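1. below are the sequence and a predicted model for it; my questions follow.
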Amino acid sequence: MALLEVKDLHVEVGGKEILRGVNLEIDKGEVHVLLGPNASGKTTLAMTIIGMPTYKVSKGEIIFDGTNLIDLSIDERARKGIGFAFQFPPSIRGVKLRDIIRLCGGKEPWDPSKELEERFATEVLKKVGLPTNFRDRDVNVGFSGGERKRSELAQILAMNPCLTILDEPDSGVDIDSLKLIGGRVDSFVKETGSSLLLITHYRHVLRYIEADFAHVMCGGMILVSGDPEDILSKIEEQGYCAYVDICPPALKKELESLMPELGK
């Protein structure tokens, strides 16, 4: 049985249908890459899996470890072992980074009367290359793009999820942060046997993360699945629009009825 099964998933946002029958299976320990042009439905799929309330499922199922998630809240899904890192991690004033990392790890906020020196969050921050003094700062307040992504990764590592979803971890980071984030994620997956769904536009982060499968989304559907290197090479050579044109005729005809420009 797959760890995650997305079956004929249809999703509406603000009354508009965004996902139009997505099917996806991820087994334990697998790394899947989700590719596609802007507004193709990638982030919508991720937000729906984690249970963001504004993403309404009109049809289909999301089965995680044998449980249908459709009626579960976002916190219930997280407790079941689904971790998520935002493309643009938010700032949270008044909440210390050390405490949110501790909460992700199932621990109480740091209490100096019980623990003279904070240890848990400190060790996690070392793994993502953030200085010790970051533990005492408000979450992501004044952080650079790369520091925000490292902060998110620290929370994921503390949580130790069965399934991690990363939304464009290579967006807005320098090469040093990209290398560290990619390498740390790859090690985490291999050491723990957890699964990963990685959303990206490019292969940059995949230099450091070994992927098993790639999927291409367009028009709210997954049109192509297969070997990551083969798919990425063709996309880089042809671009998304030309690559989508090689999808099965039945799907291509359906897309053209929704987006006539594809048929031109």
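-> Thanks, I have it.
2. residue contacts, residue 22?
-> 6, 8, 9, 41, 45, 60, 217, 220, 221, 222 (C-beta atoms under 8 Å, 6 or more residues apart in numbering). From N, CA and C alone the C-beta is placed, and that goes for glycine too.
3. could I get the CA-only coordinates of the helix or strand where the second one lies as PDB?
-> Just to be clear, that refers to residue 8. In the assignment (DSSP states H and E), residue 8 maps to strand 4-13. Extracted C-alpha coordinates of strand 4-13, given in PDB (Å, rounded to 0.1, in the frame of the first residue of the first chain):
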ATOM      1  CA  LEU A   4       0.100   8.600  -0.100                       C
ATOM      2  CA  GLU A   5      -2.600   8.000  -2.700                       C
ATOM      3  CA  VAL A   6      -4.300  11.000  -4.400                       C
ATOM      4  CA  LYS A   7      -7.300   9.700  -6.400                       C
ATOM      5  CA  ASP A   8      -9.200  11.700  -9.000                       C
ATOM      6  CA  LEU A   9      -8.800  14.800  -7.000                       C
ATOM      7  CA  HIS A  10     -10.900  17.900  -7.900                       C
ATOM      8  CA  VAL A  11     -10.300  21.100  -6.000                       C
ATOM      9  CA  GLU A  12     -11.900  24.500  -6.100                       C
ATOM     10  CA  VAL A  13     -10.600  27.800  -4.800                       C
END
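4. residue 197 in helix, strand or coil?
-> strand (DSSP: H, G, I helix; E, B strand; the rest coil).
5. one step back: got a list of contacts for the strand holding residue 8?
-> 17-26, 44-45, 48-49, 54-64, 163, 195, 197, 220.
6. list only those of the residues you listed flagged as buried.
-> 18-20, 22, 24-26, 44-45, 48-49, 55, 57, 60, 62-64, 163, 195, 197, 220 (16 or more other C-beta atoms under 10 Å).
7. in strands, which of those residues appear?
-> 18-20, 22, 24-26, 57, 60, 62-64, 163, 195, 197 (DSSP state E).
8. just give the strands next to the strand holding residue 8 in its sheet, each with its orientation.
-> Using DSSP bridges, strand 4-13 pairs in its sheet with strand 16-26 (antiparallel), strand 56-64 (antiparallel).
9. just the angle between the longest one and strand 195-199, please?
-> For the pair strand 16-26 and strand 195-199, the angle between their directions (axes from the mean of the first three to the mean of the last three C-alpha atoms, to 10 degrees) equals 140 degrees.
10. what about residue 207, neighbour count?
-> When neighbours are counted by other C-beta atoms under 10 Å, residue 207 registers 12.
11. and the strands in this structure, which stretches?
-> 4-13, 16-26, 31-35, 56-64, 67-68, 82-85, 92-96, 138-139, 163-167, 195-199, 213-218, 221-226.
12. tell me which residues of the last one come out buried.
-> Spelled out, that is strand 221-226. For strand 221-226, using 16+ other C-beta under 10 Å, the buried residues are 221, 222, 223, 224.
13. for residue 240, which non-adjacent residue is closest in space?
-> Sequence neighbours aside, residue 37 is the residue nearest to residue 240 in space, at 4.5 Å (criterion: C-beta to C-beta, 6 or more residues apart in numbering).
14. how far away is the one you found from residue 142?
-> Taking C-beta to C-beta, to the nearest Å as the measure, residue 37 and residue 142 are separated by 33 Å.
15. more neighbours: which of these two?
-> residue 37 (17 against 8).
16. dump the residue contacts of the more buried one.
-> 218, 240, 241.
17. try residue 55
-> So residue 55 contacts 11, 12, 13, 44, 47, 48 (C-beta under 8 Å, 6+ apart).
18. just residue 193 next, same as before
-> Contacts of residue 193 by C-beta under 8 Å, 6+ apart are 28, 29.
19. now the phi/psi pair for it, please.
-> phi 70, psi 20 (degrees, to the nearest 10).
20. pLDDT wise, what is it at?
-> Per-residue pLDDT puts residue 193 at 92.
21. which stretches of this structure have low pLDDT?
-> 1, 245-264 (pLDDT under 70).
22. can you do 80?
-> 1, 172, 241-264 (pLDDT under 80).
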